[in-house]
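In: Just the structure for this:
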Amino acid sequence: MKTLEIAPTAHHRIGPSKFPMLAECIDFDSEEDIDDLDAEESAKIAEDCPNPAQRGDAKSRGLAQHESLAKALTGQPNPFDGLSEREVQQVQWVAEDVVTRAAAYGYSSDEIRVEQRVSIMWPDFREATFGTLDIEYGPFIEDAKFGDMRNYFPQLAGYALGKMDRDEIDRVFARTTYGRWRKTQQYVIDRSTAESVVFSIIRRKMAPNRRPTLCQYCGWCAKRGECSAITGVVDTIASKRNDWSMRLPTAHASHAPNDPVVLGAMRYLWKVYIEPWGASVEFASNSLAEGGTIPLGFKRQNVKGRAEFEEGDVVAQALMKAGVEPARLFSAAKFGLKKLSLAYHAQFGGTKVGAERRVEEILTEAGVIKRGEAGFKLVRTPDADEEIKLALARPVIEETSN
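Out: Here you go, the predicted structure:
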């Protein structure tokens, strides 16, 4: 039986696990948790709560699954203790996928290493940062995820650079493996690419004049209550300061319903300023409510978690076993062209575009596909800002009645 070579203890404040967030907002800072504590503090927390599954939030559930995965890959006894049946299925799928892929490249399960610390070095050999790599074997690395699919390439680039520095190699084969979705994303990362991504993030994070940006991780950030990217937009909307990229002259506003220039300006300001502001307010108010304080004028209404079915054939078999007729099952199912095309592509190969075209042909010939009326959407042009500002500068002739 193998033992865990390195138990995850501390993460660097600018470590690879934060690179996906820092790539979107360079001023991102996560709240202090077990990943950010030093080894001594982590040990104390582990003593107080020896079973990670007893912690109920999403982050702790993810930690519990990662610990379970590490135990499963290293042959530890009872690796799935404390996990729900759903979580066990996710961890088992990742573990089996890792072992199968390693074997395909000639590596045995004994050559798979887990929870390995890697350091990223500056050109003068000083340590820039470090992180804990989930899985590695030979020139391959994998990062397991049990939540939503996101852009984790910056994180993989960090781990890849650390491994290249340690092993003195110039290329790494990297993969993100999603246990919830039974999917993977694969990359080949060379040293030049990794250095470009990693050192850019670290240098920008260390810059004293860095500024925050509204992004999808606002709700995870420790600074969300006082972030200037949020309060700055609020102030802008409230006071119409001169830091708007454009202004809406009063004379133009009366012509808005029939004026493509004014409507274009309004839509631009909505998409660039007001819509991100609304998203940040949603993050901030929900975070406040989660802590027990309800924003004035609102009430908290609990919502059930959304039911998700990951294996359609298993779902169908379970219901048919209970007596549901297949015809009724199919009538209840909602098929999307995208998913049907992916199923066709998985079986017959070719290109995904070709698969979608062929599926639509098959369903059209069978007379079972209907398309709604063709529509359109408005997409901002690259030079919209300058075009609109120039147009707003035109003279306006007010209509007068005699």
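In: C-alpha only now, for contacts and for neighbours.
Out: Fine.
In: so Met149 touches Tyr178, yeah?
Out: Yes - the pair Met149 / Tyr178 is scored as a contact, 7.1 Å apart, by Cα atoms under 8 Å.
In: Those two: which is more packed in?
Out: Tyr178 (22 against 15; other Cα atoms under 10 Å).
In: Please name the bridge partners of the more buried one.
Out: Lys145, Lys183 (DSSP bridges).
In: Break this structure down into its structural domains.
Out: Listed domain ranges for the chain are 16-206, 218-296, 313-394 (source: automatic domain parsing).
In: could these be laid out in CSV, adding distance to Lys304 and mean pLDDT?
Out: Below are those laid out as CSV (distance: least, Cα to Cα, whole Å; pLDDT from 0 to 100):
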stretch, distance to Lys304, mean pLDDT
domain 16-206, 15, 86
domain 218-296, 15, 72
domain 313-394, 20, 85
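In: Nearest to Gly305, out of the ones you listed?
Out: domain 16-206 (12.7 Å; Cα to Cα).
In: For the residue nearest the centre of the chain, give me phi and psi.
Out: Nearest residue to the geometric centre of the chain (Cα atoms, centre = their mean): Arg150, 2.5 Å. Dihedral angles of Arg150 (phi, psi; degrees, to the nearest 10) stand at phi -140, psi -180.
In: Make 29 the first number, not 1, from now on.
Out: From this message on, residue numbering opens at 29, which makes the last subject Arg178.
In: mind giving me a markdown table with the domains of the chain and columns for distance to Gly333?
Out: Output for these, formatted as a markdown table (distance: least, Cα to Cα, whole Å):
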| stretch | distance to Gly333 |
| --- | --- |
| domain 44-234 | 13 |
| domain 246-324 | 15 |
| domain 341-422 | 18 |
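In: need the strands for this structure, in chain order.
Out: 141-149, 155-165, 168-173, 199-206, 211-218 (DSSP state E).
In: Could you dump those into JSON lines with distance to Pro105 added?
Out: Output for those, formatted as JSON lines (distance: least, Cα to Cα, whole Å):
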{"stretch": "strand 141-149", "distance to Pro105": "16"}
{"stretch": "strand 155-165", "distance to Pro105": "19"}
{"stretch": "strand 168-173", "distance to Pro105": "21"}
{"stretch": "strand 199-206", "distance to Pro105": "24"}
{"stretch": "strand 211-218", "distance to Pro105": "27"}
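In: Out of these, which is closest to Val381?
Out: strand 211-218 (19.2 Å).
In: which helices and strands does that closest one pack with?
Out: strand 199-206 (3 or more Cα pairs under 8 Å, 6 or more residues apart in numbering; DSSP states H and E).
In: Run through who's touching the strand it packs on.
Out: 122, 167-177, 180, 184, 188, 191-192, 211-219 (Cα atoms under 8 Å, 6 or more residues apart in numbering).
In: out of the residues you listed, which are buried?
Out: 122, 168-174, 180, 184, 188, 191-192, 212, 217-219 (16 or more other Cα atoms under 10 Å).
In: mind listing what Glu339 touches?
Out: No contacts exist for Glu339 under Cα under 8 Å, 6+ apart.
In: any idea how far it lies from Asn179?
Out: Distance of Glu339 to Asn179, computed by Cα to Cα, to the nearest Å: 24 Å.
In: what do you get for Arg231?
Out: To Asn179, Arg231 is 20 Å away according to Cα to Cα.
In: next one: Ile322
Out: For Ile322, the distance to Asn179 (Cα to Cα) stands at 32 Å.
In: just Ala361 next, same as before
Out: Noted for Ala361: a distance of 30 Å to Asn179, by Cα to Cα.
In: Ok, Ser359 next?
Out: For Ser359 relative to Asn179 (Cα to Cα), the value is 36 Å.
In: So the two - more neighbours on which side?
Out: Per other Cα under 10 Å, whichever of Ser359 and Asn179 has more neighbours is Asn179, with 13 against 9.
In: surely that one meets Phe47?
Out: No - here Asn179 lies out of contact with Phe47, judged by Cα under 8 Å, at a distance of 10.0 Å.
In: Now for the two: what residues contact both?
Out: In contact with both Asn179 and Phe47: no residue, using Cα under 8 Å, 6+ apart.
In: What is the burial count for Ser256?
Out: Residues within reach of Ser256, counting by other Cα under 10 Å, total 16.
In: Let me know the distance separating the closest residue to Asp198 other than its chain neighbours from Val116.
Out: Once flanking residues are discounted, Asp198 sits nearest to Arg219: 5.2 Å by Cα to Cα, 6 or more residues apart in numbering. Distance, Arg219 to Val116, using Cα to Cα: 36 Å.
In: And for Lys417?
Out: As defined by Cα to Cα, Lys417 lies at a distance of 57 Å from Val116.
In: And Phe158, by the same measure?
Out: Computed as Cα to Cα, the Phe158 to Val116 distance reads 29 Å.
In: Which one of these two is surrounded by more residues?
Out: Between Phe158 and Val116, counted using other Cα under 10 Å, the more crowded position is Phe158 (22 against 18).
In: For beta bridges, what are the partners of the more buried one?
Out: Ser147.
In: Could I get the contacting residues of it?
Out: By Cα under 8 Å, 6+ apart, the residues touching Phe158 are His39, His40, Gly43, Pro44, Arg145, Val146, Ser147, Ile148, Gly190.
In: Now render the residues you listed as a markdown table, adding neighbour count.
Out: Listed next are the contacts of Phe158 as a markdown table, based on neighbours: other Cα atoms under 10 Å:
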| residue | neighbour count |
| --- | --- |
| His39 | 21 |
| His40 | 18 |
| Gly43 | 23 |
| Pro44 | 30 |
| Arg145 | 20 |
| Val146 | 21 |
| Ser147 | 22 |
| Ile148 | 26 |
| Gly190 | 26 |
